[in-house]
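A.B. asks: Quick one: sequence plus predicted model below, questions after.
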Amino acid sequence: MTPLLTVRLFIPKRLTSRLNGSAGRAHWSVISRESTAWKHATKVAWLAADKPTAWGPARVVFTAYVGRTWDQDNLVAALKSCRDEVVRLVLGTDDGPTAGHTYEYAQAVRPKAERGVGITIAVPRPICGEGSAG
């Protein structure tokens with residue numbers, strides 16, 4: 001099915017792996033602080049996009065713009081906080097299997113100034129910005 005509308009967000013924040021290196025051995029408070037920072041950055045991107053919302057199952061694609069390619073398990077783990085927040089804000093649900101959303105992960109190598117995370121949410125129903133009808 002072709003989606004009616006698509007939401008696109010970009011978060012200009014350096015992505016770090018939670019599974020490799022010192023981040024994998026970090027104290028829980030450091031991990032929590034980084035998770036909160038990603039959720040905040042995701043919310044800022046959502047606010048800048050005029051608070052789009054949608055209902056029903058959606059296809060969510062995360063594209064990491066990184067300095068070198070990552071393996072898939074590191075990519076998914078690094079994007080967990082971002083995924084939680086974007087699904088909560090835009091789709092009004094959680095990211096559990098009963099919500100019916102599908103998730104895809106991609107990556108592209110970019111120069112340092114262009115790194116971050118792009119998010120594309122394809123929804124089968126119209127998207128409403130805050131204050132608009134429908």
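C.D. replies: Happy to help now that I have it.
A.B. asks: tell me the secondary structure for Thr98?
C.D. replies: Of the three states, Thr98 takes helix according to DSSP: H, G, I helix; E, B strand; the rest coil.
A.B. asks: And for Pro57?
C.D. replies: Each residue gets one of three states, and Pro57 gets coil by three-state DSSP.
A.B. asks: What about it, how many residues nearby?
C.D. replies: Residues near Pro57, counting by other C-beta atoms under 10 Å, number 14. (Each C-beta comes from the backbone N, C-alpha and C, glycine too.)
A.B. asks: again, but for the one 5 residues further on
C.D. replies: Each residue near Phe62 was counted by other C-beta under 10 Å, and the total is 23.
A.B. asks: can you list the residues that contact whatever helix or strand Tyr103 lives in?
C.D. replies: Assigned by DSSP states H and E, Tyr103 falls within strand 102-109. Contact with strand 102-109 is made by 57-70, 72, 75-76, 79, 83, 95, as judged by C-beta atoms under 8 Å, 6 or more residues apart in numbering.
A.B. asks: Also stretch 40-47?
C.D. replies: Taking C-beta under 8 Å, 6+ apart as the rule, stretch 40-47 contacts 9-13, 52, 81-82, 85-86, 89-90, 119.
A.B. asks: among the contacts of strand 102-109, which are in helices?
C.D. replies: Those of these mapping onto helices are Gln72, Leu75, Val76, Arg83, per DSSP state H.
A.B. asks: Drop anything exposed from those residues.
C.D. replies: Buried members of these, scored by 16 or more other C-beta atoms under 10 Å, are Leu75, Val76, Arg83.
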